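> Give the three-dimensional model of this entry:
(4 chains)
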There are 2 protein chains.
Amino acid sequence: MDDPCHVASGLGDRHQLRFSELKNGIEGITQRMLTLTLRNLERDGLLIRHYFPEVPPRVEYQLTEMGASMLPALEGFTSWIRQNWPRIEECRKRYDSR
Amino acid sequence: MDDPCHVASGLGDRHQLRFSELKNGIEGITQRMLTLTLRNLERDGLLIRHYFPEVPPRVEYQLTEMGASMLPALEGFTSWIRQNWPRIEECRKRYDSR
DNA sequence: CGGAATCCTTCTCGATACTG
DNA sequence: CAGTATCGAGAAGGATTCCG
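Below you'll find the model as predicted:
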């Protein structure tokens, strides 16, 4: 892992997000990896995929209740990471230059 | 991931653990993987490796202050996983049998 | 005891091309 | 637009052997 701090931010607080919105919101992710990740989250019951058979097609993703309940549970850890990441990077530099 | 619930438990509340104690406490881990994982945690500044040049050699691992501070931050997420894991497994089964 | 080194197989993932 | 299919390089990781 290089930088754990790419949370899909700046996307407002809407509850449905299109594939392209997610892709644009997560820097550096490839289409393939986003597709696979969304499939796994769907398989785990953490999100629901809404497919609209229009032209062009539209797909919107939405957290399930369980998926939404995970966010606050994860919050403590993510904030710990945000606070300690610089220090971890320092430790790595020091460890590597020895 | 298959079962996220192997926390090294039943090892008491000592603050120093030997390599073999960790290995025995984490079911299914290989020597190689434990070594690599401990090296990475040490590199990140999350634990300290104490080497005692005896015969036979003894190595003890101990969390740093930062490492110890991560545990409570992680607690919310791990307890969420323990609570929701059965449901996630159900969802996976249902998804896979379609 | 606690590794390091090596081999070898499997998995991961990006890149690319194609499609309903 | 939101995928699927395929290929190939590289990483991950188990098994085994050797070592201070």
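> Run through the residues that contact residue A:75.
Residues in contact with residue A:75 (CB atoms under 8 Å, 6 or more residues apart in numbering or on different chains) are residue B:76. Where you see a C-beta, it was placed from the backbone N, CA and C, and this is true even at glycine.
> If we use 10 Å, what do you get?
For residue A:75, the contact set (CB atoms under 10 Å, 6 or more residues apart in numbering or on different chains) comprises B:73, B:76-77.
> sec struct for it, please.
Recorded secondary structure, residue A:75: helix (DSSP: H, G, I helix; E, B strand; the rest coil).
> For chain A, what lies in contact range of DNA strand D?
A:18-20, A:31-32, A:35, A:38-39, A:49, A:56-59 (CB under 7 Å from any atom of the strand).
> let's see 6 Å
Selection of chain A residues close to DNA strand D by CB under 6 Å from any atom of the strand yields A:18-20, A:31-32, A:35, A:56-59.
> JSON lines please, covering these and showing secondary structure.
Converted to JSON lines, the residues of chain A next to DNA strand D look like this (three-state DSSP):
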{"residue": "A:18", "secondary structure": "strand"}
{"residue": "A:19", "secondary structure": "helix"}
{"residue": "A:20", "secondary structure": "helix"}
{"residue": "A:31", "secondary structure": "helix"}
{"residue": "A:32", "secondary structure": "helix"}
{"residue": "A:35", "secondary structure": "helix"}
{"residue": "A:56", "secondary structure": "coil"}
{"residue": "A:57", "secondary structure": "coil"}
{"residue": "A:58", "secondary structure": "strand"}
{"residue": "A:59", "secondary structure": "strand"}
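> Please enumerate the strands of chain A.
Per DSSP state E, chain A carries strands over the ranges A:17-18, A:47-52, A:58-63.
> Give me the buried positions along the last one.
Residues A:60-61, A:63 are the ones in strand A:58-63 that count as buried (16 or more other CB atoms under 10 Å in any protein chain shown).
> need the contact list for the residue of chain A at minimum distance from DNA strand D.
DNA strand D sits closest to residue A:20 of chain A, with a gap of 3.0 Å, by CB to the nearest atom of the strand. Listed by CB under 10 Å, 6+ apart, the contact partners of residue A:20 are A:31, A:34, A:58-59.
> overlap between these and the residues near chain B?
Contacts with chain B are made by none of the contacts of residue A:20, judged by CB under 10 Å from any CB of the partner chain.
> and the residue nearest to residue A:72 when sequence neighbours are not counted, how many neighbours?
Distance criterion CB to CB, 6 or more residues apart in numbering or on different chains; nearest residue to residue A:72, sequence neighbours excluded, is residue B:76 at 7.7 Å. Neighbours of residue B:76 under the rule other CB atoms under 10 Å in any protein chain shown: 15.
> before we move on, what about the one 5 residues further on?
Number of residues near residue B:81 (other CB under 10 Å) recorded here: 15.
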